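could you look at this predicted model? Sequence included:
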Amino acid sequence: MTDFSRRTLVKSSLAGLTLAGLTVGAAGPAGAAPAAIPLVRKRLTLPTGIATGDVTTDSAVLWSRASGPGRLTATLNAIDDAGELLRGRYGFSRTIRGPLATEASDFTAKIHAKGLPAGTRFRLELNFEDENGMGEAGQGTFSTAPGNKEPNDGDPSGGRGGGRPASSSQSFVWTGDTAGQGWGINEEIGGMRGYKAMHDVRPDFFIHSGDTIYADGPIAESVTEKDGQVWRNIVTEEVSKVAETLKEFRGRHRYNSLDANMRSLFADVPVIAQWDDHETHNNWYPGQVLDDARYTERNVDVLAARGRQAWQENMPIADSAALWRPGTYDAGQYQPARIYRKIPRGPQLDIFCLDMRTYKSPNTDGKEPYTTNILGQEQVDWLIKEVRQSKATWKVIAADLPLGIVVPDGPVNQESLSNRDNGAPLGRELEIAGVLSAFKKYGVKNTVWLTADVHYCAAHHYSPERASFKDFQPFWEFVAGPINAGSFGPNDMDGTFGPDVVFSKAGRFPGESPRNGENQFFGHVELGSDDSFTVSLRNANGAAVFSKVLSPER
């Protein structure tokens with residue numbers, strides 16, 4: 001039984017009788033035999049679908065939102081590539097009863113499933129249980145990362161038991177920037193088509209590199225494009241203005257989930273979610289007071305607290321320090337809480353998911369002769385230690401802001417770490433210089449930086465031979481996005497770390513709509529059995545516009 005009181009049960013039953021058009025205690029015709037009273041039960045539904053996230057070799061976060069109070073329940077079954085249940089030595093089946101979804105969490109709930117077999121594909125069913133029994137079932141799939149042993153070494157589960165033999169190769173996609181600049185869900189063009197294009201390449205997971213919503217960007221019912229075409233959005237009350245209340249921030253996440261392409265992807269492809277500025281306000285930093293006439297509440301710390309709560313309620317992230325619990329933000333103030341984390345993906349790959357917003361220093365011209373923060377010292381120490389200790393062939397650093405791209409915040413100030421000065425590192429650049437120098441000192445190899453944010457795609461190669469700062473090993477940075485927002489760029493580059501723009505593709509004009517999909521972008525990575533790292537940058541129609549094969553240094 002679930003944790004509901006008898007009073008709740010009685011009230012629910014009375015409500016059911018009222019829905020059936022009956023009045024409790026009403027008599028039938030005189031002398032008539034008592035008629036059976038039908039019991040109408042309103043089952044819980046899943047209004048925003050289901051999702052999985054932060055999936056490793058042996059764990060996964062399972063997420064959904066209910067239409068009312070109920071207990072989340074998950075059923076996992078190992079399947080083969082054809083979707084059939086695995087039996088015998090490769091079989092695996094588990095039912096997990098999770099936490100209650102209540103109004104305090106906007107009826108969202110998460111299960112952190114542990115002890116799963118590596119390299120295994122699962123059929124997932126999620127539903128919520130209340131006093132009326134199990135509600136609507138949401139179905140999806142996901143795969144755990146390959147284990148540490150080869151499929152033919154006598155233990156196909158990677159040493160954990162159960163599961164099926166799995167290839168050591170895997171693939172993933174990344175992008176950012178969803179429903180920005182007023183370009184929301186336009187069903188006349190098939191909705192957010194970029195999400196379908198990502199789903200079509202059948203990735204093992206998806207890194208959302210930030211700007212998962214645009215809390216500061218109202219969405220109107222229609223927008224006239226530059227060429228005179230009319231873009232027609234689905235609209236809801238919460239997206240009609242900038243988000244200030246917790247209800248409005250929550251409504252932004254609910255809005256995005258109205259898109260069938262996004263729901264379908266999230267049901268089948270685990271997400272590694274990052275947050276950036278538009279989950280709260282454009283280019284914000286802790287302690288800022290907004291100069292924005294659209295806002296009644298201009299203390300960004302208050303807005304960020306509400307935005308962070310809504311984001312953590314709706315994102316399937318695993319770090320226990322980052323799992324939002326009711327009451328965390330009752331004071332209405334922004335409280336830094338760790339969301340940077342490592343997602344181990346087997347012997348080939350570790351993902352280091354950064355947070356370049358929570359600990360950020362105020363936006364200035366970036367030319368301070370001392371270190372200012374983009375990560376903060378605690379996160380810097382964590383990143384150096386974890387990357388240094390990583391045994392994976394490839395170390396992917398998922399950054400929500402780019403390294404060498406100039407991202408202005410007004411005519412003077414800078415939003416990211418670049419400062420338009422090609423000389424020695426200053427300000428925030430000093431912090432990243434320390435990270436890169438430490439990687440060289442400890443002999444770290446095969447790091448790749450992935451990001452979004454700037455609304456165009458690019459491939460950058462960084463090398464000390466071109467740089468003012470020399471104490472680092474060459475590396476690549478790949479940029480992809482937006483997935484459903486205005487196209488911009490390309491931006492100027494800062495030469496401090498010696499970037500070479502090997503490729504870039506931007507919109508035809510600033511703010512171009514996603515209509516034709518040609519200037520909306522995502523990245524795709526294929527890890528080969530030979531440990532090759534093949535990157536392709538693709539548009540929202542699925543067409544590759546650039547490709548690069550990286551071979552690991554041994």
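That came through fine.

CA atoms for contacts and neighbours, from now on please.
Noted.

and residue 29, what's its pLDDT?
If you check residue 29, the pLDDT there is 42.

nope, residue 136 is what I was after
Looking at residue 136, the pLDDT reads 95.

that one reaches residue 130, doesn't it?
No. Using C-alpha atoms under 8 Å, residue 136 is not in contact with residue 130; the gap is 11.4 Å.

find residues that contact each of those two.
Common neighbours of residue 136 and residue 130, counting by C-alpha atoms under 8 Å, 6 or more residues apart in numbering, are residue 44.

of these two, give the one with the bigger neighbour count.
residue 130 (21 against 17; other C-alpha atoms under 10 Å).

and that one, how far is that from residue 67?
To residue 67, residue 130 is 11 Å away according to C-alpha to C-alpha, to the nearest Å.

list the buried residues for the helix or strand harbouring residue 72?
In the assignment (DSSP states H and E), residue 72 maps to strand 70-79. Neighbour-count burial for strand 70-79 flags 70, 71, 72, 73, 74, 75, 76, 77, 78, 79 (criterion: 16 or more other C-alpha atoms under 10 Å).

now do the same contact list for the last one.
In this structure, residue 79 makes contact with 85, 86, 91, 120, 121, 122, 123, judged by C-alpha under 8 Å, 6+ apart.

cool, and the fifth one?
By C-alpha under 8 Å, 6+ apart, the contact list for residue 74 reads 62, 95, 96, 97, 98, 111, 124, 125, 126, 127.

helix/strand/coil for the first one?
When you say that, I think you mean residue 62. strand (DSSP: H, G, I helix; E, B strand; the rest coil).

what about it, neighbour count?
For residue 62, the neighbour count with other C-alpha under 10 Å is 29.

list the beta-bridge partners for it.
For residue 62, the beta-bridge partners are residue 52, residue 111 (DSSP bridges).

what about the stretch 251-400 of the chain, any weak spots by pLDDT?
319-337 (pLDDT under 70).

can you pull out the helices in it?
Under the criterion DSSP state H, counting those that start in this stretch, the stretch 251-400 of the chain carries helices at the ranges 260-268, 300-314, 377-389.

so what secondary structure elements neighbour the longest one?
With contacts defined as 3 or more C-alpha pairs under 8 Å, 6 or more residues apart in numbering; DSSP states H and E, helix 300-314 has these neighbours: strand 108-113, helix 246-256.

can I get the shortest one in CSV, CA atoms only?
Translated: strand 108-113. C-alpha atoms of strand 108-113 as CSV (Å, rounded to 0.1, in the frame of the first residue of the first chain):
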residue,chain,number,x,y,z
THR,A,108,8.4,14.8,-10.1
ALA,A,109,10.4,11.9,-8.8
LYS,A,110,13.7,10.1,-9.5
ILE,A,111,15.0,6.6,-8.8
HIS,A,112,18.8,6.1,-8.7
ALA,A,113,19.0,2.5,-9.9
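
next structured bit after it?
Later in the chain than strand 108-113, the nearest helix or strand by DSSP H and E is strand 121-130.

report the angle between that following strand and helix 260-268.
Going by axes from the mean of the first three to the mean of the last three C-alpha atoms, to 10 degrees, strand 121-130 is angled at 100 degrees with respect to helix 260-268.

list the contacts of residue 81.
Residue 81 touches residue 121, counting by C-alpha under 8 Å, 6+ apart.

confirm that it sits in a helix.
No. Under three-state DSSP, residue 81 sits outside any helix and is assigned coil.

what about the nearest residue to residue 290 once chain neighbours are set aside, neighbour count?
Nearest non-adjacent residue to residue 290, counting by C-alpha to C-alpha, 6 or more residues apart in numbering: residue 298, 4.9 Å away. Neighbours of residue 298 under the rule other C-alpha under 10 Å: 16.

now do residue 509
12.

which one is it nearest to, not counting chain neighbours?
residue 488 (6.7 Å).

show me what contacts the one you found?
454, 455, 456, 506, 507, 509, 510, 511, 512.

about what we covered before: now do the shared contacts for residue 130 and residue 67.
Residues touching both residue 130 and residue 67 by C-alpha under 8 Å, 6+ apart: residue 44.

same list, the helices and strands packed on helix 300-314, but as a markdown table with distance to residue 278 and mean neighbour count please.
Shown next, in a markdown table, are the helices and strands packed on helix 300-314 (distance: least, C-alpha to C-alpha, whole Å; neighbours: other C-alpha atoms under 10 Å):
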| stretch | distance to residue 278 | mean neighbour count |
| --- | --- | --- |
| strand 108-113 | 22 | 23 |
| helix 246-256 | 11 | 21 |
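
what would those look like in a markdown table with distance to residue 44?
Below are the helices and strands packed on helix 300-314 laid out as a markdown table (distance: least, C-alpha to C-alpha, whole Å):
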| stretch | distance to residue 44 |
| --- | --- |
| strand 108-113 | 13 |
| helix 246-256 | 17 |
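
closest to residue 479 out of the ones you listed?
Nearest to residue 479 among the helices and strands packed on helix 300-314 is helix 246-256 (22.5 Å), distances taken as C-alpha to C-alpha.

now the closest one - C-alpha only, PDB.
What follows is helix 246-256, C-alpha atoms only, in PDB (Å, rounded to 0.1, in the frame of the first residue of the first chain):
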ATOM      1  CA  LEU A 246       8.700  29.000  -9.300                       C
ATOM      2  CA  LYS A 247       5.500  28.100 -11.100                       C
ATOM      3  CA  GLU A 248       6.800  30.000 -14.200                       C
ATOM      4  CA  PHE A 249      10.200  28.300 -14.100                       C
ATOM      5  CA  ARG A 250       8.500  24.900 -13.800                       C
ATOM      6  CA  GLY A 251       6.200  25.900 -16.700                       C
ATOM      7  CA  ARG A 252       9.200  26.400 -19.000                       C
ATOM      8  CA  HIS A 253      10.300  22.800 -18.500                       C
ATOM      9  CA  ARG A 254       6.800  21.600 -19.000                       C
ATOM     10  CA  TYR A 255       6.600  23.600 -22.200                       C
ATOM     11  CA  ASN A 256       9.600  21.900 -23.800                       C
END
